[in-house]
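In: Kindly generate the corresponding structure for this input.
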Amino acid sequence: MKAKYYWIKERHNPQLGTYYTAYGRLPFKEAMAHEKSIYGSNTMHKYATEDEYLNALAALRDRGERVH
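Out: Numbering: from 1, shown residues only. Got it, this is the predicted structure:
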């Protein structure tokens with residue numbers, strides 16, 4: 001199945017704090033697998049277009065967030 005959405009993971013780690021990981025396009029099922037965490041928590045944010053995705057990444061960086 002073709003990946004429909006672009007994804008950014010928001011990671012809350014008790015030791016390292018909050019950071020974000022840019023995943024690009026992923027199938028929905030694979031993206032949801034990245035929400036699972038034994039320690040801390042993850043939230044996957046989806047974007048319908050590449051422009052929305054890139055704007056979200058730029059906004060995170062502009063706010064001073066750590067983005068990988």
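In: right, and the helix or strand after the lowest-mean-pLDDT helix or strand in the chain?
Out: In the chain, no helix or strand scores lower on mean pLDDT, DSSP states H and E than helix 28-33, which sits at a mean of 96. Next along the chain after helix 28-33, taking DSSP states H and E as the criterion, comes strand 41-47.
In: pLDDT on the helix or strand hosting Ala22, on average?
Out: Take DSSP H and E as the rule and Ala22 turns out to sit in strand 17-26. The predicted model gives strand 17-26 an average pLDDT of 98.
In: Which positions within it qualify as buried?
Out: By 16 or more other CB atoms under 10 Å, the buried positions in strand 17-26 come out as Tyr20, Tyr23, Leu26. Where C-beta positions appear, they are placed from N, C-alpha and C, glycine not excepted.
In: now do stretch 36-51
Out: Within stretch 36-51, the residues that qualify as buried by neighbour count (16+ other CB under 10 Å) are Met44, His45, Tyr47.
In: give me every residue that touches the first one.
Out: Taking CB atoms under 8 Å, 6 or more residues apart in numbering, we find Met44 in contact with Trp7, Ile8, Lys9, Glu10, Tyr23, Ala31, Met32, His34, Glu35.
In: Tell me if the second one really is in a strand.
Out: Yes - if the criterion is DSSP: H, G, I helix; E, B strand; the rest coil, then Ile8 is within a strand.
In: wait, isn't it in contact with Leu57?
Out: Yes - under the criterion of CB atoms under 8 Å, Ile8 is in contact with Leu57, at a separation of 6.7 Å.
In: Between these two, which contacts overlap?
Out: Taking CB under 8 Å, 6+ apart as the contact rule, the neighbours common to Ile8 and Leu57 are Tyr20, Ala22.
In: ok, these two, which is more surrounded?
Out: When neighbours are counted by other CB atoms under 10 Å, Ile8 comes out ahead of the other of Ile8 and Leu57, with 20 against 17.
In: Dump the longest helix along the chain to PDB, keeping only the CA atoms.
Out: Here the longest helix in the chain is taken by residue count, with DSSP state H as the criterion, and it is helix 50-62. Once side chains and other backbone atoms are set aside, the C-alpha atoms of helix 50-62 remain, and they are given as PDB (Å, rounded to 0.1, in the frame of the first residue of the first chain):
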ATOM      1  CA  GLU A  50       4.500  17.700   1.900                       C
ATOM      2  CA  ASP A  51       4.100  21.500   2.300                       C
ATOM      3  CA  GLU A  52       2.100  21.100   5.600                       C
ATOM      4  CA  TYR A  53       4.800  18.600   6.800                       C
ATOM      5  CA  LEU A  54       7.700  21.000   5.900                       C
ATOM      6  CA  ASN A  55       5.900  24.000   7.400                       C
ATOM      7  CA  ALA A  56       5.400  22.000  10.700                       C
ATOM      8  CA  LEU A  57       9.100  21.100  10.800                       C
ATOM      9  CA  ALA A  58      10.000  24.700  10.200                       C
ATOM     10  CA  ALA A  59       7.600  25.900  12.900                       C
ATOM     11  CA  LEU A  60       9.200  23.400  15.400                       C
ATOM     12  CA  ARG A  61      12.700  24.600  14.600                       C
ATOM     13  CA  ASP A  62      11.600  28.300  14.800                       C
END
